[in-house]
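# sharing a sequence plus its predicted fold:
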Amino acid sequence: MKLTVSDLSCVRGDYRIFDSVGFEVDAGEAVQLTGDNGSGKSSLLRLVCGLLERESGGVSLQGAAPGAEIADLCHYLGHDNGLKAPMTAMENLQFWRAVFGRTGLEALAALRTVGLERIADLPTGYLSAGQKRRVAIARLLVSKRPIWLLDEPTSALDAASENLLGRLVDEHLGAGGLVIAATHMPLPFAIAATIDMSLQRSVPEAAPEPWEYTG
Amino acid sequence: MQFIDLANPTRFLSISARLMPVLIGATLIAFAIGLYMAFFVAPPDYQQGETVRIMFVHVPAAWLSMFCYTIMALSALGTLVWKHPLADVSAKAAAPIGAVFTFIALATGSLWGKPMWGTWWVWDARLTSMLVLFLMYLGLIALWQAIDDQIAASKLCAKVILVGFINIPIIKFSVDWWNTLHQPASVMRLGGATIHPSILWPLLILALAFSLLFLVLHLAAMRTELMRRRVHRLRRLAADSRLQPRKA
Amino acid sequence: MTMAWALFKRDVGLGGAGFVGLIFFLSIVTILPFGVGPDLNLLARIGPAILWIGALLSMLLGLDRLFRADYEDGSLDLLLASGHAMEIVVLAKVAAYWVTTALPLIVAVPFFGFFLNLEPPAIGALVATLLAGTPGLAFAGAIGAAVTVSLPRGGMLLAVVILPICVPILIFGVSATLAAYTDPDPFLPPFAILLALTLFSAVIGLFVAASALRASSR
């Protein structure tokens, strides 16, 4: 399986956030998107899984089952965790398992994998930020989807949890999955390529007199 | 003049700038003729006396309020289906104008009604439908104000406009039903059974005058909106730290 | 379909505000006689209208949070990115909203009807018209909620946007109720129109709300 991003550009409101981005991700590879805030790392991830519309260019998948949409094959881990505070960690994961497909681990097994078996029956409102992030990561385990789109995955994680994430991603890559991670922090897993998004940004339009673009 | 020529905002601004004086002139002439005929040629009604002349403002204003919403619905289709670049400017510019025409229709309807019915308002089918239309205009204007992102606002408002457009016949039907249900049938008819030519001609000319007025106001509002967006874009560019003054 | 059922169950479990809607409904019914006087005949005449308007306002009250909570905690993004049709998502959420907000009101109507001196035929007609019409209100509300989901205080704007869609439902709901126990008027025509309006509102609401939600991702 190979994910190809070709000549992709994205417009949000009046801004062109990035222009002519292109790269490939093969099965078993992880690609990192770096760049300052506003350079479009998050927007690129959101575009791949279908949350944003592209202005031009395309995202294509080779080697997937015919008729499979990219959106059906993605797991998106965004800034927000998608957890409901009154529901327990188990209930949250069971819900997402029903949404994304009952193809992965059971909710309890996923929680055990991320080391949160002890708080499985606790409403997520009581959990710390790091624990909530780990429950969100556990969501990637309850349904098997080959493409993982991770936005600042290590935020709120301590060192042990970062290592855990590294192990999970390595397992995922070993099973033939792909990962695109957007962060300027170092990542705990092997990166095949790094794309610097701040270089991808084109100028929005010709500079009006008496201005000119520098840098 | 091809419609697609207007698609480019800059071309639209230059074409509309040249058109404006002609349109303004035509509007003034049409109003002059129409008002003259309304006041001096059309006879007073044997029942209502001189107050029937309010109809010459009320009826065209009501027609225009409906016409304006139709223009907005077409603009909404332009935004969603054909993705025409000026369509959302057209819809956004038309909304306040439509609201004002609806208000004029309501106010003149009320003024007309006071001498006839003795009250400032009756809940008859036509006026009530106008009131709901007024609410729809206001809701749209508020929605445009509330959403910061222009592109998102135009798409959302386009959907709301189209839902409202489909809903207008339903509202009309419902209000008619409601009216016959709750009121006895002896409500005064606002228009009269037949329309004599001496009343028809001023009415049609004033309808034309109001339509030209709408066109003038709409084009002016679209130009203003395009200018506003230009200012917005220039301000944004000014904030871009990569832009520096050109070294002389 | 497992997604739809899971979403429905989740929202019903989370929907605690149905209780608040019920209290609000009771407050309206209680406040009214203070406004118009305790004349039982008058209350019996306007009772159906008051209960219908009360139901409409109570439903409007909670519409704000129909999509807002999911928008704010990232669940909406996940649902959008899951590959499922948003129309199904909207259907499941609106169904859950109706069950948690409208159903308690409808169950309470027979009791509130006694406060307003309504006879059993009127109460029966009210329950029937509310069952037929409140889903239409819920779907209309979904349009407003989806359009204003990104606005932090979009609640009032939501109400203004959907009021023109709710007006016909209100008119025919009350009209059918009155016709049920007012002799010469037939019940079936306005009731049939009410059902048609609900269906129409459902179809439009599903597609417009789904479309607006897809466009709303931050």
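Yes, it's here.
# tally of neighbours for residue A:69?
Residue A:69 is flanked by 11 other residues according to other C-beta atoms under 10 Å in any protein chain shown. Every residue, glycine included, has its C-beta placed from N, CA and C.
# how close does the residue in chain C that chain A sits nearest to sit to residue A:46?
Residue of chain C nearest chain A, by C-beta to the nearest C-beta: residue C:74 (2.7 Å). Relative to residue A:46, residue C:74 is positioned 12 Å away (C-beta to C-beta, to the nearest Å).
# I'd assumed residue B:130 was in a helix, is it?
Yes - applying DSSP: H, G, I helix; E, B strand; the rest coil, one finds residue B:130 inside a helix.
# wait, doesn't it sit right on residue B:104?
No - using C-beta atoms under 8 Å as the test, residue B:130 is too far from residue B:104 to be in contact (10.2 Å).
# out of the two, which sits in the busier spot?
residue B:130 (22 against 18).
# using the three-state scheme, assign residue A:76.
When classified by three-state DSSP, residue A:76 comes out as strand.
# dump the residue contacts of it.
By C-beta atoms under 8 Å, 6 or more residues apart in numbering or on different chains, residue A:76 lies in contact with A:45-46, A:49, A:51, A:149, A:151, C:77-78, C:81.
# and if you look at residue A:123?
Contacts for residue A:123 (C-beta under 8 Å, 6+ apart) come out as A:85-88.
# how far does the host helix or strand of residue B:28 sit from its chain's centre?
According to DSSP states H and E, residue B:28 maps onto helix B:9-36. Centroid separation for helix B:9-36 versus its chain: 16 Å, with C-alpha atoms, centre = their mean, to the nearest Å.
# remind me what it packs against, helices and strands.
Helix B:9-36 sits against helix B:197-239, with contacts defined as 3 or more C-beta pairs under 8 Å, 6 or more residues apart in numbering or on different chains; DSSP states H and E.
# which stretches of the chain have low pLDDT?
Picking chain A for this. For chain A, the stretches with pLDDT under 70 are A:13-15, A:199-215.
# not quite, I wanted chain C
Within chain C, the stretches with pLDDT under 70 are C:16-17, C:183, C:218.
# where does the residue nearest the centre of chain B land in three-state SS?
Nearest to the geometric centre of chain B sits residue B:98, at 2.6 Å (C-alpha atoms, centre = their mean). Assigned with three-state DSSP, residue B:98 falls in the helix class.
# tell me how many other residues crowd residue A:92.
Neighbours around residue A:92, by other C-beta under 10 Å: 26.
# that one falls within a helix, correct?
Yes - using three-state DSSP, the assignment for residue A:92 is a helix.
# quick one: contacts for it?
For residue A:92, the contact set (C-beta under 8 Å, 6+ apart) comprises A:82-84, A:124, A:135, A:139.
# pick out the most distant pair among those.
Within these, A:84 and A:139 form the most distant pair, 12.6 Å apart (C-beta to C-beta).
# of the two, who's got more company?
Neighbours were tallied for residue A:84 and for residue A:139 using other C-beta under 10 Å; the higher tally belongs to residue A:139 (26 against 21).
# poorly predicted segments of chain B, please.
Scanning chain B for pLDDT under 70 picks out B:1-7, B:45-48, B:182-195, B:241-248.
# what touches both of residue C:74 and residue A:46?
Overlap between the contact sets of residue C:74 and residue A:46, as judged by C-beta under 8 Å, 6+ apart, is given by residue A:78.
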